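A.B. asks: no sequence on this one, just coordinates:
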């Protein structure tokens, strides 16, 4: 799954100080979790951040779940 996540999430010291962002954007991954916590749906998040792809958000959530259940 590491390769799949590297296709979705990147860290670059020149982009937001190296915080994880969705590839091809300057949108930090934490935005996904903050918006979900605020009650927004994936469709609403994509509407608010049109540079994001719903499939990437799902992949990120699946990886987070896999990490949680592996712990």
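C.D. replies: That came through, no problem. All values reported here derive from a predicted model rather than from experimental measurement. Numbering: from 1, shown residues only.
A.B. asks: Mind jotting down where the strands sit in the protein?
C.D. replies: Secondary structure of the chain (DSSP state E): strands located at 9-10, 21-22.
A.B. asks: right, and the ones you listed - which one's nearest residue 66?
C.D. replies: Nearest to residue 66, of all those, is strand 9-10, at 13.8 Å by CB to CB. For every residue, glycine as well, the C-beta is placed using N, CA and C.
A.B. asks: tell me how far the ends of stretch 28-44 are from each other?
C.D. replies: 16 Å (CA to CA, to the nearest Å).
A.B. asks: can you check stretch 45-52 too?
C.D. replies: This stretch, stretch 45-52, spans 8 Å end to end (CA to CA).
A.B. asks: Mind listing residues that contact that stretch?
C.D. replies: 22, 24, 25, 27, 31, 32, 35, 36, 40, 53, 54, 57 (CB atoms under 8 Å, 6 or more residues apart in numbering).
A.B. asks: Swap in 6 Å and give it another go.
C.D. replies: 22, 25, 27, 35, 54 (CB atoms under 6 Å, 6 or more residues apart in numbering).
A.B. asks: so where's this protein uncertain?
C.D. replies: Across the chain, the ranges flagged by pLDDT under 70 are 1-5, 71.
A.B. asks: Right, I'll call it a day here.
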